[in-house]
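# Here is a sequence with its predicted model. Questions after.
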Amino acid sequence: MTRKSYIRHQKMQNITIALPENYVLNIEKLRESGMVPSRSEAIRLAIRTFLQHELQNVKLLGFELHHGEHEK
């Protein structure tokens with residue numbers, strides 16, 4: 001299963017967030033340029049990248065997350 005199909009088959013939850021106008025404008029530029037298919041996908045990509053980075057930092061610092069802690 002490819003990453004794209006994996007994401008497509010995951011259960012999604014809708015959330016509402018407020019973003020600074022500059023963030024929204026830049027996300028729109030990414031969408032209009034074709035770099036991302038939608039604003040939602042741009043935000044999912046940003047969150048996924050952030051989480052991967054932070055979880056790697058936790059591992060490098062020697063902390064261990066117990067099952068479920070990273071899913072909150």
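Nice, I can see it.
# count of neighbours near Ala30?
That one is not Ala; residue 30 is Leu. For Leu30, the count of nearby residues is 17 (other Cβ atoms under 10 Å). Backbone N, C-alpha and C define where each C-beta goes, glycine included.
# Contacts only, for the nearest residue to Leu19 once chain neighbours are set aside.
Of all residues not flanking Leu19 in the chain, Ile27 sits nearest, at 7.9 Å (Cβ to Cβ, 6 or more residues apart in numbering). Neighbouring residues of Ile27 by Cβ atoms under 8 Å, 6 or more residues apart in numbering: 19, 36, 39, 42-43.
# now the helices for the chain?
With DSSP state H as the criterion, the chain has helices at 3-9, 21-32, 39-60.
# quick one: buried residues of the last one?
It refers to helix 39-60. Buried residues in helix 39-60, counted by 16 or more other Cβ atoms under 10 Å: 41-43.
# what's the offset of it from the middle of its chain?
Centroid separation between helix 39-60 and its chain, computed with Cα atoms, centre = their mean, to the nearest Å, is 5 Å.
# First residue to last residue on stretch 25-41, what's the distance there?
With Cα to Cα, to the nearest Å as the measure, the first residue of stretch 25-41 is 15 Å from its last.
# so how far is that stretch off the chain centroid?
With Cα atoms, centre = their mean, you get 14 Å for stretch 25-41.
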